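S.K.: With the sequence up front, the predicted model follows.
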Amino acid sequence: MIRPEPWIVVLRVVVGVWFVKAVWTKFTLGFLWDVIPYPAVSPRFLAVHPKRVAEFAAGNPVGWYKEFLEGTVLPNGRVFATLQTFAEAAVGLGLILGLLTGLTALVGLFLCLNYGLASQWMSFGQQGFHVLLVTSMIVFLCARAGRTWGLDRGIIALSGRRWLRLVM
């Protein structure tokens, strides 16, 4: 019988790499006191984000989500762009490393559901892609995908704490 766990790991890592690739151009390096580097959201993404959100809201047939995009996301574009960038980075790295996979999958599920709601009306390709991402996040969450070839397994074994099993 073929074991499914290694194949779930392959899917987990591929989806994680996709998230890291998606966030790659959204980051830049900022410098604290012109010396200490830290990750910051790029000015280019901060400028593009409101335009993309307006495009997603323009023809969106889901009334309550369109109102959310226009009434909440657009006026607070800088905050949502920053949250999106750091969440995508956390999901990507968490999935690649198998670190806090349960929590990572929940954050990824939330992101993918929002991306799907924003763009589902645009094309069948958008619909299918986001359905696959949502399904992948549910599989990672339910299968506890970080316990096979991931850091979650080692952390749980070393700590022995039951509450860690909930987020891993």
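M.R.: Structure's in. What do you need?

S.K.: so where's this structure shaky on pLDDT?
M.R.: 1, 160, 163-168 (pLDDT under 70).

S.K.: how about the strands of it, start to end?
M.R.: 27-32, 36-41 (DSSP state E).

S.K.: Parallel or antiparallel, list what pairs with the first one.
M.R.: Strand 27-32 sits in its sheet next to strand 36-41 (antiparallel), going by DSSP bridges.

S.K.: Give me the buried positions along the partner strand.
M.R.: By 16 or more other CB atoms under 10 Å, the buried positions in strand 36-41 come out as residue 41. Where you see a C-beta, it was placed from the backbone N, CA and C, and this is true even at glycine.

S.K.: repeat for stretch 59-73
M.R.: 60, 65-66, 68-70, 73.

S.K.: now do stretch 143-163
M.R.: Buried residues in stretch 143-163 (16+ other CB under 10 Å): 143-153, 155-156.

S.K.: Which of those sits closest to residue 119?
M.R.: Here the nearest of the buried residues of stretch 143-163 to residue 119, counting by CB to CB, is residue 145; it sits at 25.5 Å.

S.K.: check contacts around that closest one.
M.R.: Shown in contact with residue 145 (CB atoms under 8 Å, 6 or more residues apart in numbering): 8-9, 11-12, 95, 98, 101, 105, 139.

S.K.: Kindly recompute the last result at 6 Å.
M.R.: Taking CB atoms under 6 Å, 6 or more residues apart in numbering, we find residue 145 in contact with 8, 12, 101.
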